[in-house]
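Asks: Following is a predicted model, sequence given first.
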Amino acid sequence: MTQETALAPEVLARLAGLKVRVERVVEGLLAGIHRSARHGVSTEFVDHKAYSPGDDPRRLDWKVLARLDRVMVRRFLDETRLAAFLAMDASGSMGYRGSALAKLEYAKVLAGALAALLLHQGDEVGLLATAARPVELVPSGRGEHLLELLGVLEALQPQGPTHLAELVERYLSRMNRRGLLLLFSDLFDADPAALNSLRLAAARGHSVRVFLVLDADEIDFPFEDPALFTCLEQERQLLTYPREVRDAYREEMRAFIEECRRALGQAGATLELSRCDEPPDRVLRRALSAWQEATR
Amino acid sequence: MSALSFARPELLWGLVLAAVPVLIHLINRRRARRQPFAALDFLLRVQRRHARRLLLRQVLLLVLRTLAVMLAVLAAAGPRFQPPAVGATAGPRATVIVLDGSFSMRYAPGGRSMFERARELAREEIRAREPGECIGLVVAQAPGPRVLLPCRQNIGELLEALEHLGPGNGASELGPSLEEAARLLAEAPAGRRRILVLSDLAAHAFPRAPVWPASGAPEVALAELLPIGTERPNRAVLEVEARPERRQLMLRSRLVSFSGRDEKGILVQVGFKDEVSVSGFADLPARQEVLKVFHPPMPPETTQGWVALRPDDLPGDDRVPFWAGAGGVVSVLLVNGDPQPVLARDELYFIERALAPDPGEGSGILSRSVAADLLREEDLVGVQAVVLANVAGLRPGLVEALRGFVRDGGGLLVAVGERLDPARASESYADLLVRPLRDVVTLQASAAEDGSGMAFAPAAARHPLLATPGSEEALDLSRVRTERAMVTEPGGGDDARVVLAFENGVPALLEKTLGRGRLLLWSTTLDRDWTRWPARASFVPFWQRVCFYLAGRLGRPAPPRVDSGQPVPLDLAEEGERLQVIRPDGERVALAPGQRYFEDTALCGWYEIRTDAGGGPREGMPGFVVSPPAAESDLKPISPERLAEWVGKAQLSWRAGGDGARRPLALECLGLLLLLLFGEAWLVRRG
């Protein structure tokens, strides 16, 4: 059995408890993927980059300037502690289960694995969640903090409408320094303020990473027979013939994802599409690579 | 005017199935399962944006599916299209359908008879009539056309009448039928008049052209039930002549093949009832008659037989019945008028041995002898022939019994001799003698011949008694010599016939019929007293033939044969006799006293005549054979040129054959159905 197969959502769904699932995913990930996701001021040299306006003149490499007549800046590993918040969308729509794991379950695995990684490299991790009662766990770098965090994550239940804007505002109010916001959501929020608040967070220097968690059914719309589709958050329903609307729906969904990606990109945030039928470690590996690429 | 009709209109009830797609659509809506879905907003947006297109698509799908079901039903119902008539003028139309009901319409290539094709076409014509069109129906059949219905608009009666029609067994002339149709059309209030002829167009149906009324000839539309150029091979047994030959039958059958090529080794069978008696093979040259002769043994009981060819597409003329009569042993009563103690001198010595020359072989004759003095009326029971050999006289009671015996079909031979007194015999039973007897004369040999006695005059082989089986020559009696004979009163005006005479013209054997029986008079002795014939070999076969002849088993005329639909002359003049005819279908028809003709000859086969008193077939005329006219077996169609000439002034138009007078639309329906299904599949796949 390959590692990927072992981490398939169907396999994870059979494992009892979020802690076990997270451990399995982290084991797969911890193959020396990174020491730190962030570059900054440190004594350990990494590489050079071309100078651009705004760079600290103290980091100019005069020797390179003298030898090659090129203005280069030295880069070092950041030794500062990173404060990260896991922001979980636990609205009703995250409760949809089309495949082995419900969207929220899948998001919990992703969030738990990332928390383990961050704590493993000495960062602090906190938790925010939208639920019937707001959930909040202040960032901490203690070893036992992971168990506490996984416990709170596991207790989350999908319920109620989505309030992403409120979630981001809570994050901003808690973080008085630049930090990392990891948002797990399907972004099915009709409120335009949600995207604005994400832009605001990015503008304040926070790293905003969004995991767009979608079930395969929501992307591919594989239904055949006529069905009465009912909303998970509100009392709404629609009788339709899936075969007749499939293409239009797929187009609508594709446009939505692209729009999210474009809007977040403009705001300096990144978006990682997470299909619930994809092994979580593969999603995480892809996301981490993208972040590394972006910070170079 | 163009019209749409259906071969199986009852299937149109299936159009109610067109509601099935709508019902399925409604049921699906009601039975739609609940599906929780997080991205409902997207679905709602899509639904709002494409609402009109989706609705249109659903309606289109429903329409396509409904049309597909309707087309499938229509295709199954066999739609046919009647193209508009060329040169049709305004005004209501009157049509008379002339349906050929002749025997040749039974021809069934491919298992479907021409009559069935014609009737189907007639049904379609009636169903697809123009608005206001009135239709009449005439059947061309033997002996003449029959108007089934005059022109009318009520098609129910027409269809009902068609249902009960069937092809006949006789011939039909289309000329008189078209004249009758023109007469009906003249009475109909219509602007356009048309005769639709539904016939196999066999050439024999066009002997005489129709004479059109002075008001003008109607349009004549012809349906080509089978393309005129198609070969129509047919074999037939035209006629069978059956003649009893002692213990055998001589069957002469005329066979023909109306095919374009020679046919070899065609099986021919002869049988009685359901059993085949003899079989043979015949080579039939194209369109030539062949005579095939069979000699089957006579059946032991009175019955009918048949000659049959291997059945073809017109089986009605492949088997022809004949009357076989009765076989079995002929019982003869020999009455001895001059018994002698010395056996060789006995009056019956030679005739008894001639009738049974070899007991082991059996001649087919069972003779019994009785002395004239001991003869009683009861002795006549169960015998077919009586021989009075030199009998001096008869009691009046015996004379009366013998008279009745002959009238009922028995045979009586009177042979003269010394003991017979001519005057007394002529007085007491003159009607049993063929002619009154007169004197005994001596017959002298001619000067050129040696010996005594006179020979017979040369005889023709026409008489069955003198015929040699299987040969055209007469029995050789040239060496028979006779010394004495009894002359008869001269004839003239009586119905006696001289079968054999001596050289000097004195009759030797005379015959006459009495009632249904036969009388023979032998003017010399049966022993060697007056003639030396018993010493000759020809004596044996001749007198055996005489016994069969007397018993009606030789030279009996064959029962008459007539064409179906033609009357049969009945020669049954027997006073007080009540008769009935048993038709081939078993139905009995009583004959009226004095009825001269029997006209109900629609069925082909053997018609048996019986007396009301019961018993077997009537002696003399046991029945008659009715068969299809020989010309009806020749299916060769008339040429288009001859046809155009035949209709004369009438405007002639051609329609397609029985299956194609209306163009079938089933293929078009199926093509359209496929197109609809393709469109439906494309719409479904397109989503």
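Replies: Perfect, thanks for sending it.
Asks: quick one: contacts for the residue in the stretch 251-400 of chain B positioned nearest to chain A?
Replies: Proximity of the stretch 251-400 of chain B to chain A (CB to the nearest CB) peaks at residue B:313, 57.1 Å away. C-beta here means a position set from N, CA and C on the backbone, and glycine is covered the same way. Contact analysis of residue B:313 by CB atoms under 8 Å, 6 or more residues apart in numbering or on different chains lists B:107-109, B:233-234.
Asks: dump the residue contacts of residue 135.
Replies: No chain specified, so I'll use chain A. A:88, A:90, A:127-129, A:152, A:156.
Asks: Chain B, not that one
Replies: Neighbours of residue B:135 in contact, by CB under 8 Å, 6+ apart: B:94-97, B:125-126, B:129, B:151-153, B:155, B:158.
Asks: Which strand residues bridge it?
Replies: According to DSSP bridges, the partner residues bridging residue B:135 are residue B:95, residue B:152.
Asks: circling back: now, the contacts of residue A:135 that are in strands?
Replies: Members of the contacts of residue A:135 lying in strands (criterion: DSSP state E): A:88, A:127-129.
Asks: Looking at those, which one is closest to chain B?
Replies: Nearest to chain B among those, with distances taken as CB to the nearest CB, is residue A:88, at 15.7 Å.
Asks: quick one, what contacts the closest one?
Replies: A:104, A:107-108, A:111, A:127-130, A:135, A:153, A:156, A:184-185.
Asks: In JSON lines: those residues, plus pLDDT.
Replies: Output for these, formatted as JSON lines (pLDDT from 0 to 100):
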{"residue": "A:104", "pLDDT": "92"}
{"residue": "A:107", "pLDDT": "93"}
{"residue": "A:108", "pLDDT": "92"}
{"residue": "A:111", "pLDDT": "92"}
{"residue": "A:127", "pLDDT": "91"}
{"residue": "A:128", "pLDDT": "90"}
{"residue": "A:129", "pLDDT": "88"}
{"residue": "A:130", "pLDDT": "80"}
{"residue": "A:135", "pLDDT": "76"}
{"residue": "A:153", "pLDDT": "88"}
{"residue": "A:156", "pLDDT": "88"}
{"residue": "A:184", "pLDDT": "93"}
{"residue": "A:185", "pLDDT": "91"}
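Asks: now the helices: where do they sit in chain B?
Replies: With helices called from DSSP state H, chain B shows them at B:19-30, B:40-49, B:51-76, B:114-127, B:155-163, B:174-187, B:349-355, B:396-407, B:422-428, B:539-550, B:640-647, B:666-686.
Asks: So what's the residue count around residue 195?
Replies: The chain I'm using is chain A. 21 (other CB atoms under 10 Å in any protein chain shown).
Asks: should've been chain B
Replies: 27.
Asks: Check residue B:205 too.
Replies: 24.
Asks: Now flag whichever of the contacts of residue A:88 is closest to chain B.
Replies: Chain B has its nearest neighbour among these in residue A:104, at 10.7 Å by CB to the nearest CB.
Asks: how close does that closest one get to residue B:160?
Replies: Using CB to CB, to the nearest Å, residue A:104 is found at 80 Å from residue B:160.
Asks: same deal with residue B:433?
Replies: 66 Å.
Asks: Also residue B:681?
Replies: Counting by CB to CB, the gap from residue B:681 to residue B:160 is 47 Å.
Asks: Residue B:422 too?
Replies: Distance of residue B:422 to residue B:160, computed by CB to CB: 75 Å.
Asks: Could you check which of the two has the larger neighbour count?
Replies: Higher neighbour count among residue B:422 and residue B:160: residue B:422, with 18 against 11, using other CB under 10 Å.
Asks: Any chance of the backbone angles for residue B:188?
Replies: phi -80, psi 140 (degrees, to the nearest 10).
Asks: Report the contact partners of it.
Replies: Here residue B:188 is in contact with B:94, B:134, B:136, B:150-151 (criterion: CB under 8 Å, 6+ apart).
Asks: Now pLDDT too, for these, in JSON lines please.
Replies: Below are the contacts of residue B:188 laid out as JSON lines (pLDDT from 0 to 100):
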{"residue": "B:94", "pLDDT": "87"}
{"residue": "B:134", "pLDDT": "88"}
{"residue": "B:136", "pLDDT": "89"}
{"residue": "B:150", "pLDDT": "84"}
{"residue": "B:151", "pLDDT": "83"}
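Asks: which pair in those spans the largest distance?
Replies: Longest distance between any two of the contacts of residue B:188 is 10.1 Å, between B:94 and B:150; criterion CB to CB.
Asks: Give me the common contacts of the two.
Replies: In terms of CB under 8 Å, 6+ apart, residue B:94 and residue B:150 are both contacted by the residues B:136, B:188.
Asks: more neighbours, the two?
Replies: A direct count of neighbours by other CB under 10 Å for residue B:94 and residue B:150 places residue B:94 higher, at 26 against 16.
Asks: Now do the contacts for the more buried one.
Replies: Residue B:94 touches B:133-136, B:151, B:185, B:188-190, B:192-194, counting by CB under 8 Å, 6+ apart.
Asks: before we move on, back to that, between which two of the contacts of residue B:313 is the distance greatest?
Replies: Of all pairs drawn from the contacts of residue B:313, the widest gap by CB to CB lies between B:108 and B:233 and measures 12.8 Å.
Asks: For the spatially closest residue to residue B:267 that is not a sequence neighbour, give me its contacts.
Replies: Sequence neighbours aside, residue B:310 is the residue nearest to residue B:267 in space, at 5.0 Å (criterion: CB to CB, 6 or more residues apart in numbering or on different chains). Residues near residue B:310 by CB under 8 Å, 6+ apart: B:235, B:266-267, B:318.
Asks: re the thing from before, I'd like to know which of the contacts of residue B:94 are buried.
Replies: Buried members of the contacts of residue B:94, counted by 16 or more other CB atoms under 10 Å in any protein chain shown: B:133-136, B:151, B:185, B:188, B:190, B:192-194.
Asks: Least confident of the contacts of residue B:94?
Replies: Of all the contacts of residue B:94, residue B:190 has the smallest pLDDT value, namely 70.
Asks: Is there a neighbour count for the closest residue to residue B:210 other than its chain neighbours? I'd like the number.
Replies: Of all residues not flanking residue B:210 in the chain, residue B:178 sits nearest, at 4.1 Å (CB to CB, 6+ apart). With neighbours defined by other CB under 10 Å, the count for residue B:178 comes to 27.
Asks: same question, residue B:595
Replies: Counted with other CB under 10 Å, residue B:595 comes out at 13.
Asks: Would you agree it is in contact with residue B:570?
Replies: Yes. In this structure residue B:595 lies within contact range of residue B:570 using CB atoms under 8 Å: 6.2 Å.
Asks: Need the overlap of contacts for those two.
Replies: Common neighbours of residue B:595 and residue B:570 (CB under 8 Å, 6+ apart) do not exist.
Asks: Nearest the geometric middle of chain A, what residue?
Replies: Taking CA atoms, centre = their mean, the centroid of chain A lies closest to residue A:211, which sits 3.6 Å from it.
Asks: who's in contact with that one?
Replies: A:107, A:110, A:182-185, A:272, A:274, A:283, A:287.
Asks: Looking at those residues, which is nearest residue B:497?
Replies: For those, the nearest to residue B:497 is residue A:274 (128.8 Å; CB to CB).
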